[in-house]
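J.: prediction below, plus the sequence it came from.
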Amino acid sequence: MICEIKWNILSLKEWEARFNSVARSNILQSYDYAKAAAATHRQKARWGLIVIDGVEAGLVQLMEASILWRLCHAVILDRGPLWFDGFGNAVHVKLFFEQLNKQLPARLGRKRRILPEIDYGQAAHQIMLQAGFKKGADDIPYQTLWWDLETQNQEARKNLRPNWRGSLQKAENSLENEEITVEWDTQGKFYSWLKCECAVDKAMRGYRGISPQLLDNLASFSTNQPFMVIGKVSHKGEDIAGVLFLLHGQSATYQIGCSSDLGRKYCAHHLLLWRARDVLKEYNIKQIDLGGINDDAAEGIKKFKTGTGASFVQLLGHYA
């Protein structure tokens, strides 16, 4: 088999059409993220079409930074590549990373940070080593959860953990009794409020998250409409909880969310995440990436997300 990576040969329309065909696309491989990251971190994006034996097999998006005529060169691949139907087995993965290593080999002055979109395991680790990469300093596997929206809500509700389902029922009762209200926004009306609330919450609880500048740039550079879907719960005119989803292809990422003490009392976050299933379906979203859950400082967030019954995925950590 012969693998080629053809860089920057697709128009934006052609890239988006192929990206939209991927069942589980992640935000880090999206064109919107590349433009936002370029503006935030002064990086440049490179878009690759993966071709195996003359057939289009997948996509990969790299971020790069360099000075001194590329003598100092950084290469970043986050959660790629993405494979088309019929591709992505161990042989294809090895061929891709061998070709990437051939094109961008390790050398003095070049820093490579690779987070492969490959399920965790010894065999996968051996593939990376054989392809010419070494384990990075961060040896922690990347964990996330994928929530399937094509599963009927009745079945999805059965898959909820009992305590999660009970919290959802409590919130639904409060909504039915008009104690709380829910609103959805695709125009960015709630964006500034939610961003500020989440920044305060993040600082108080000590967990990592997306930088406000990168989030602002994501909102500014998006070519998709809608790109953000924001949900908000209010109680007697007071905003008590909010969530923000980023849309990309057939998937959406649960990016940020926060809840006040009153919001937690009413289990507002449970209600927002559950109601988001129907809202996102209106925009042809089939999967929600619930986001990284391997941050020790955010144990409560991990417990909340896993309560949905979403599918657990553990990927290889960083390589260089």
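T.: Cool, the structure landed. Numbers count the residues shown, from 1 in each chain.
J.: residues contacting stretch 266-279, please?
T.: By CB atoms under 8 Å, 6 or more residues apart in numbering, the residues outside stretch 266-279 that reach it are 147, 149, 153, 156, 164, 167-168, 170-172, 174-175, 179-180, 182, 184, 229, 231-233, 235, 240-243, 245, 254, 257, 259, 263, 288, 304, 308. (Glycine included, C-beta is placed from N, CA and C.)
J.: out of these, which are buried?
T.: The neighbour count (16 or more other CB atoms under 10 Å) marks 147, 149, 156, 164, 167-168, 171-172, 174-175, 180, 182, 184, 229, 231-233, 235, 240-243, 245, 254, 257, 259, 263, 288, 304, 308 as buried among those.
J.: how far off centre is the least confident helix or strand in the chain by mean pLDDT?
T.: One helix or strand of the chain scores below all others by mean pLDDT, DSSP states H and E: helix 191-205, with a mean of 83. Relative to its parent chain, helix 191-205 has a centroid offset of 19 Å by CA atoms, centre = their mean, to the nearest Å.
J.: for it, packing partners?
T.: For helix 191-205, the elements it packs on are helix 212-221, strand 228-235, strand 238-248, strand 251-259, judged by 3 or more CB pairs under 8 Å, 6 or more residues apart in numbering; DSSP states H and E.
J.: redo those as JSON lines? Include mean pLDDT and distance to residue 74.
T.: Listed next are the helices and strands packed on helix 191-205 as JSON lines, based on pLDDT from 0 to 100; distance: least, CB to CB, whole Å:
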{"stretch": "helix 212-221", "mean pLDDT": "86", "distance to residue 74": "17"}
{"stretch": "strand 228-235", "mean pLDDT": "97", "distance to residue 74": "29"}
{"stretch": "strand 238-248", "mean pLDDT": "96", "distance to residue 74": "24"}
{"stretch": "strand 251-259", "mean pLDDT": "95", "distance to residue 74": "24"}
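J.: and the ones you listed as a markdown table, adding distance to residue 11?
T.: As requested, those are exported to a markdown table (distance: least, CB to CB, whole Å):
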| stretch | distance to residue 11 |
| --- | --- |
| helix 212-221 | 17 |
| strand 228-235 | 25 |
| strand 238-248 | 18 |
| strand 251-259 | 22 |
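J.: among those, which comes closest to residue 138?
T.: helix 212-221 (19.4 Å; CB to CB).
J.: can I get the CA coordinates of that closest one in PDB?
T.: What follows is helix 212-221, C-alpha atoms only, in PDB (Å, rounded to 0.1, in the frame of the first residue of the first chain):
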ATOM      1  CA  PRO A 212     -11.300  33.200  26.700                       C
ATOM      2  CA  GLN A 213      -9.200  34.600  23.800                       C
ATOM      3  CA  LEU A 214      -9.400  31.300  21.900                       C
ATOM      4  CA  LEU A 215     -13.100  31.000  22.500                       C
ATOM      5  CA  ASP A 216     -13.600  34.600  21.400                       C
ATOM      6  CA  ASN A 217     -11.700  33.900  18.200                       C
ATOM      7  CA  LEU A 218     -13.700  30.700  17.600                       C
ATOM      8  CA  ALA A 219     -16.800  32.800  17.700                       C
ATOM      9  CA  SER A 220     -15.300  35.500  15.400                       C
ATOM     10  CA  PHE A 221     -13.800  33.200  12.700                       C
END
